[in-house]
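1. Following is a predicted model, sequence given first.
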2 protein chains.
Amino acid sequence: MGTKERKQREFAEREQRFLDTARELIRRDGLLNLSMARIAEDCDYAVGTLYQHFASKEDLLMALVTEDVRIHADMFERVARWPATPRDRMFAIGVADMIFVRRHPEHFRLAQYAFTEIVWGAASPARRQALLEANEPLGEIVHGLVRDAAARGDLALNGLSPEEVCIGMWSIAIGMHNLVHAEGVLADFTARDPYRLMCRHFQTHLNGLGWNPLFDATDDAALDALIKRICHEVFDDLCSQ
Amino acid sequence: MGTKERKQREFAEREQRFLDTARELIRRDGLLNLSMARIAEDCDYAVGTLYQHFASKEDLLMALVTEDVRIHADMFERVARWPATPRDRMFAIGVADMIFVRRHPEHFRLAQYAFTEIVWGAASPARRQALLEANEPLGEIVHGLVRDAAARGDLALNGLSPEEVCIGMWSIAIGMHNLVHAEGVLADFTARDPYRLMCRHFQTHLNGLGWNPLFDATDDAALDALIKRICHEVFDDLCSQ
DNA sequence: TCATTTTTTGAACCATATTCATAATTCGCG
DNA sequence: CGCGAATTATGAATATGGTTCAAAAAATGA
């Protein structure tokens, strides 16, 4: 009796189709113009059918963000498995972020919107839960890196929990995404790639924490070499440049 | 002929009334439930009159954010005038941020929403312009601190522009605001005040930049003393605790 | 005082998210 | 197969709330 399974699979496939179509519409016409009717129409289904999958428009958006976060988490998993010092792996987390955002330019906008009071409040509890759960491994992996470093004696926690240590780097990454995406704010401060600058600040911050081995953040060539090495050894298939 | 002036003043007063009422409604019922009709009704005006002041709802929200940013900028001005080392003044910028957010708990949510593609795209160019202009002094002051430090030899730029140096700290602040406001994400990582942690990471980052005189970020007592001193010397009237 | 201009008004309009009664389809079983 | 029950899909109708604009009211000034 594979009927049940088949129906479930078809249902999941249709949901994926809705999500893919929504993504395409956002890419083409912007988040601003996304309409539920249009998604349904483009998939040749009635709006009511769309609502069998998503409790609301916010629900659908949150599902999109969750998809992205899972991909993001996969990248972090790779970093966790990469055989290198905790410091280099922590830096690789920053590089992962940089690559992820390049490959998913719409993600940050969407995520920013999703965590807005308005959208968060209007999504279904189940989706919220799913998003938080998808996020969990991200934190878990990074915290693990800090614990590894502390265990090896590379890093003194100095009274902070591993989570508290991470929050500094986490802020740098999220803050940079904000700045990059806030229209007109970053303006022309940075001729060079802002994410490369983020990587440099990452190193600066790790040095400030006294995380060994220290890295000369002012050595542009060394920084570029390390980034390139990480691209090659960890994200070979994802780095076009 | 003071008639013209009087009318202008009354128009400005009414606009302020609309803004204050909107703020109150947001505080009470949340951004989610803010409606233009309700704002007008609470001020005993017709919706059409409200639209004489604001081209759209987004326009009004952007005006609210701009008001907040001006207050924020005033705090930064105080820091700029504070007679202390550039390093301490740079740190005081972080403290200003902390105090500002405590006093304007709704601001960050609003600002986050305002810089969202959706809202930014739907506001009138004039309001966007005003918001960017209100933001300008913030950047200007912070960049000035970096230039001062570089001029005194406290800080080596190492090939970065003052703006690029600032972006690290700026990211930390904005990222922390994001984390604090993203429902459920920060969870229970930090028993202590997250903004105090931000201050600590600020010092860590400044140390990482090699910004003299270095500060022992692990010395909790010294950190609290410095924060208290800044509250006292710079923001005496704004610090209740 | 009254014609003209400016301002205010709020009902009508419009765009979309969401619902739900009805229709179509699928399922289980004799 | 056939048929009644259960499930699923449909899309017109509803609900909400931002926005407009023709008409009314108020202000101006000669």
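-> Looks like it came in fine. Numbers count the residues shown, from 1 in each chain, chains lettered A, B, ... in the order given.

2. for residue A:213, helix, strand, or coil?
-> coil (DSSP: H, G, I helix; E, B strand; the rest coil).

3. surely it meets residue A:87?
-> Yes. Residue A:213 lies in contact with residue A:87 (CB atoms under 8 Å); the separation is 6.2 Å. For every residue, glycine as well, the C-beta is placed using N, CA and C.

4. Up against DNA strand D, what does chain A have?
-> Contacts of chain A with DNA strand D, taken as CB under 7 Å from any atom of the strand, map to A:7, A:14, A:44, A:45, A:46, A:47, A:48, A:49, A:51, A:52.

5. Greatest separation within these: which pair is it?
-> A:7 and A:47 (21.2 Å; CB to CB).

6. out of these two, which sits in the more crowded spot?
-> Taking neighbours as other CB atoms under 10 Å in any protein chain shown, residue A:7 and residue A:47 compare with residue A:47 leading, 13 against 10.

7. quick one: the helix or strand hosting residue A:221 near chain B?
-> Using DSSP states H and E, residue A:221 sits in helix A:220-234. Yes. With CB under 8 Å from any CB of the partner chain as the criterion, chain B is reached by helix A:220-234 at residue A:220.

8. buried sites along that helix?
-> A:223, A:226, A:227, A:230, A:231, A:234 (16 or more other CB atoms under 10 Å in any protein chain shown).

9. quick one: contacts for the last one?
-> Contact partners of residue A:234, counting by CB atoms under 8 Å, 6 or more residues apart in numbering or on different chains, are A:78, A:79, A:82, A:92, A:95, A:96.

10. now for the lowest-mean-pLDDT helix or strand in chain A, which elements pack on it?
-> Scoring the helices and strands of chain A by mean pLDDT, DSSP states H and E places helix A:117-122 at the bottom, with a mean of 83. Applying 3 or more CB pairs under 8 Å, 6 or more residues apart in numbering or on different chains; DSSP states H and E, one finds that helix A:117-122 contacts helix A:57-81, helix B:107-114.

11. any idea how far residue A:229 lies from residue A:157?
-> 28 Å (CB to CB, to the nearest Å).

12. before we move on, the earlier item: now the contacts of residue A:234 in a markdown table, please, with extra columns for neighbour count.
-> Converted to a markdown table, these look like this (neighbours: other CB atoms under 10 Å in any protein chain shown):
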| residue | neighbour count |
| --- | --- |
| A:78 | 15 |
| A:79 | 23 |
| A:82 | 14 |
| A:92 | 27 |
| A:95 | 25 |
| A:96 | 25 |
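
13. tell me which of these is nearest to residue B:217?
-> Residue B:217 has its nearest neighbour among these in residue A:92, at 24.5 Å by CB to CB.

14. pLDDT weak spots in chain A?
-> A:1-2, A:183, A:188-191, A:241 (pLDDT under 70).

15. re earlier: next, format the contacts of residue A:234 as JSON lines and append distance to chain B.
-> What follows is the contacts of residue A:234, written out as JSON lines (distance: CB to the nearest CB, whole Å):
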{"residue": "A:78", "distance to chain B": "23"}
{"residue": "A:79", "distance to chain B": "19"}
{"residue": "A:82", "distance to chain B": "23"}
{"residue": "A:92", "distance to chain B": "18"}
{"residue": "A:95", "distance to chain B": "16"}
{"residue": "A:96", "distance to chain B": "16"}
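
16. Spell out which parts of chain A neighbour DNA strand C.
-> Near DNA strand C, when you scan chain A using CB under 7 Å from any atom of the strand, you find A:3, A:7, A:33-37, A:47-48, A:51, A:55-58, A:122.

17. rerun at 10 Å
-> A:1, A:3-4, A:6-7, A:10, A:29, A:32-40, A:46-52, A:54-61, A:122-124 (CB under 10 Å from any atom of the strand).

18. what packs against the host helix or strand of residue A:102?
-> Assigned by DSSP H and E, residue A:102 belongs to helix A:86-103. The helices and strands touching helix A:86-103, judged by 3+ CB pairs under 8 Å, 6+ apart, are helix A:57-81, helix A:107-114, helix A:125-152, helix A:162-181, helix A:194-208, helix A:220-234.

19. Contacts only, for the spatially most central residue of chain A.
-> For chain A, residue A:72 is the residue whose C-alpha lies nearest the centre (CA atoms, centre = their mean; 4.6 Å). Contact analysis of residue A:72 by CB under 8 Å, 6+ apart lists A:96, A:100, A:107, A:138.

20. out of those residues, which is most surrounded?
-> residue A:96 (25 neighbours).
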